[in-house]
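# show me the folded form of this:
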Amino acid sequence: MTGLHAVKKLHKVSPGVLLRALLLVGVISAAVTAQVTWTSAGASGTSNELRAIVYGNGEFVAVGDVGTILTSTNGTSWITQASGTTKELFGITWGNNLFVAVGDSGTLLTSTNGTTWSTVVTNLPYPLHAAIWADNLYIVVGDNGTILTSPTGTTWTTQVSGCYCDFNGIAYGGQPATFVVVGGYTGPIMTTSSNGTTWTAITAPGTQVLNQVVWSGTTFATIGDSGVIYTSPGGTAWTQQVSGDSAFLSDIIWAANQFVIVGHEGAGTLGPILSSPTGITWTVRTSSTSQWLYGIAWGNNLFIAVGSDGTITTSSGVTAVVNTAAPALKQEAVRISGGQADYSLAAEGHVSMKLFDIRGRLAGVLLDREQAAGVYSQSLRPAGMKLPFGKYILSVKTGKSAIEQPVVLGQ
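Below is the predicted model of the structure:
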């Protein structure tokens with residue numbers, strides 16, 4: 001993103017606490033609004049971000065921030081499970097009668113039933129983002145070019161990827177069968193392997209960071225920032241498709257004879273859903289949620305997507321339902337200028353202000369304390385916090401309110 005950009009959105013805030021901000025952080029971004037209509041499918045029981053979800057062993061298992069793990073057999077009633085960690089969990093897979101969940105600071109958890117979880121010591125400081133079971137092998141990928149493999153989920157081997165880059169997603173398929181890993185930081189990254197051990201970097205398509213990849217049985221499809229979608233019959237030669245949306249696309253699955261994508265910051269909605277039976281022609285579906293969506297799964301003839309503030313959306317036809325445990329929100333105008341957040345509190349309360357990268361990973365804590373009623377200014381680049389230039393998500397929360405807005409930190 002270069003030049004001048006602006007984002008102005010309708011947000012919600014509790015009565016009694018008024019937050020004002022103007023987002024002009026070196027650059028201003030463009031405007032979207034969203035109206036929400038919900039059909040309740042039961043509360044998730046958490047307001048933590050939910051980052052990923054999988055279906056296995058007859059149940060859905062969702063994972064997220066502060067070590068959150070939720071399970072459900074029907075997609076309506078959710079049970080919180082003890083994970084044994086407070087780290088953010090970014091990805092989860094099911095295979096060979098084992099759940100494998102991965103997260104921040106090398107966190108790796110396993111479970112045979114989704115209820116009792118064991119910690120695998122990886123001694124890695126880097127975030128792990130995605131996991132897969134394929135070709136009789138578990139593979140986990142993460143930052144700094146991390147690739148771990150295990151035939152059992154118990155003992156793990158670090159593989160040489162040849163790249164000190166961030167890996168975000170992995171799939172297996174094609175003829176001959178191939179593992180494809182995607183990622184990037186300032187641009188796209190892609191690497192492939194026929195056995196999970198020897199990896200070869202290939203030229204990734206486009207210029208946007210790639211967030212996930214999936215195999216349909218005939219076609220690979222990979223997604224990324226700014227609504228990019230690419231397809232490939234074998235994982236090497238890629239063709240860009242028109243998504244019809246400019247969203248940050250977070251996750252993609254192949255289920256019920258169609259690709260389904262979820263994301264955030266799309267055209268006219270914060271939690272866009274796209275679908276396609278071929279990967280070529282895409283339909284943008286209104287998710288009917290003001291929350292951002294990070295992960296999606298299919299099971300028991302049901303799509304379930306998860307997202308910010310504990311949101312869980314579900315439909316056999318890809319329509320959304322609300323998480324009633326999320327903070328109550330009301331319409332709000334936001335304004336930030338000169339690289340700082342100017343806001344006012346009408347009453348005393350706890351204020352949390354954080355920056356996340358566009359894949360939802362915590363980049364920095366700007367503020368987390370009680371404040372009296374009054375007018376305040378908070379720098380978005382405080383002394384000692386080194387943040388690269390680029391796109392971020394500013395999250396401002398009080399006891400009963402939550403505001404999330406994209407910002408661009410310029411020079």
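# excluding its backbone neighbours, what's nearest residue 378?
Nearest residue to residue 378 in three dimensions, chain neighbours excluded: residue 341, at 4.6 Å (CB to CB, 6 or more residues apart in numbering). Where C-beta positions appear, they are placed from N, C-alpha and C, glycine not excepted.
# look at the one you found and give its secondary structure.
strand (DSSP: H, G, I helix; E, B strand; the rest coil).
# give the full set of residues in contact with it.
21, 353, 366, 377-378, 380, 394, 396 (CB atoms under 8 Å, 6 or more residues apart in numbering).
# now the two most distant members of the residues you listed.
377 and 394 (14.0 Å; CB to CB).
# so for those two, which sits in the more crowded spot?
Of the pair residue 377 and residue 394, residue 394 is the one with more neighbours under other CB atoms under 10 Å, namely 22 against 11.
# what bridges to that one?
Note on residue 394: beta-bridge partners residue 355, residue 405, judged by DSSP bridges.
# and it, what pLDDT?
Per-residue pLDDT puts residue 394 at 83.
# mind checking how far it is from residue 148?
33 Å (CB to CB, to the nearest Å).
# please apply the same query to residue 351.
For residue 351, the distance to residue 148 - CB to CB - is 39 Å.
# number of nearby residues for the nearest residue to residue 160 once chain neighbours are set aside?
Distances taken as CB to CB, 6+ apart place residue 199 nearest to residue 160, at 7.1 Å, with adjacent residues excluded. When neighbours are counted by other CB under 10 Å, residue 199 registers 20.
# residue 199 reaches residue 159, doesn't it?
Yes. Between residue 199 and residue 159 there is a contact under CB atoms under 8 Å: 6.7 Å.
# so what sits against both of the two?
residue 147.
# would you mind listing the residues in contact with residue 368?
351-354.
# dig out what it forms beta bridges with.
The partner residues for residue 368, given DSSP bridges, come to residue 352.
# and for residue 170?
Counting by DSSP bridges, the residues bridging with residue 170 are residue 181.
# burial of it, as a residue count?
27.
# measure the spatially closest residue to residue 49 that is not a sequence neighbour to residue 138 for me?
Ranked by CB to CB, 6+ apart and with sequence neighbours excluded, the top spatial neighbour of residue 49 is residue 65, at 4.5 Å. Look at residue 65 and residue 138: by CB to CB, they are 23 Å apart.
# same check, this time on residue 315
From residue 315 to residue 138 the distance is 30 Å (CB to CB).
# of the two, who's got more company?
Here residue 315 and residue 138 are set side by side on neighbour count (other CB under 10 Å), and the busier one is residue 138, at 24 against 19.
# chain neighbours aside, what residue packs nearest to residue 295?
Nearest one to residue 295, counting by CB to CB, 6+ apart, is residue 52 at 4.0 Å.
# report how many residues lie close to the one you found.
For residue 52, using other CB under 10 Å, the count is 27.
# which elements pack onto the helix or strand encompassing it?
When elements are assigned from DSSP states H and E, residue 52 belongs to strand 50-56. Contacts defined by 3 or more CB pairs under 8 Å, 6 or more residues apart in numbering; DSSP states H and E place strand 50-56 against strand 59-64, strand 89-95, strand 98-103, strand 293-299, strand 302-307.
# distance from the first one to the middle of the chain?
If I follow you right, that is strand 59-64. For strand 59-64, the separation from the chain centroid amounts to 14 Å (computed by CA atoms, centre = their mean, to the nearest Å).
# and the helix or strand just after that strand, which residues are buried?
Next helix or strand after strand 59-64 toward the C-terminus (DSSP H and E): strand 69-72. Across strand 69-72, burial judged by 16 or more other CB atoms under 10 Å covers 69-72.
# including distance to residue 189, could the residues you listed go into JSON lines?
Below are the buried residues of strand 69-72 laid out as JSON lines (distance: CB to CB, whole Å):
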{"residue": "69", "distance to residue 189": "29"}
{"residue": "70", "distance to residue 189": "31"}
{"residue": "71", "distance to residue 189": "33"}
{"residue": "72", "distance to residue 189": "34"}
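# can I get the residues you listed in CSV including pLDDT?
Below are the buried residues of strand 69-72 laid out as CSV (pLDDT from 0 to 100):
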residue, pLDDT
69, 98
70, 97
71, 97
72, 95
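# which one of those residues is nearest to residue 89?
Closest to residue 89, out of all of those and judged by CB to CB, is residue 69, at 7.1 Å.
# check contacts around that closest one.
So residue 69 contacts 61-63, 80-83, 89, 101, 114, 117 (CB under 8 Å, 6+ apart).
# cool, residue 274 as well?
By CB under 8 Å, 6+ apart, the neighbours of residue 274 are 243-245, 249, 259-261, 263, 282-285.
# now, these that are in helices?
Judged by DSSP state H, helices contain none of the contacts of residue 274.
# pLDDT and distance to residue 213 added to those residues, as JSON lines?
Formatted as JSON lines, these follow (pLDDT from 0 to 100; distance: CB to CB, whole Å):
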{"residue": "243", "pLDDT": "89", "distance to residue 213": "15"}
{"residue": "244", "pLDDT": "82", "distance to residue 213": "20"}
{"residue": "245", "pLDDT": "80", "distance to residue 213": "18"}
{"residue": "249", "pLDDT": "93", "distance to residue 213": "11"}
{"residue": "259", "pLDDT": "93", "distance to residue 213": "11"}
{"residue": "260", "pLDDT": "90", "distance to residue 213": "14"}
{"residue": "261", "pLDDT": "91", "distance to residue 213": "12"}
{"residue": "263", "pLDDT": "88", "distance to residue 213": "15"}
{"residue": "282", "pLDDT": "91", "distance to residue 213": "16"}
{"residue": "283", "pLDDT": "85", "distance to residue 213": "20"}
{"residue": "284", "pLDDT": "79", "distance to residue 213": "20"}
{"residue": "285", "pLDDT": "76", "distance to residue 213": "21"}
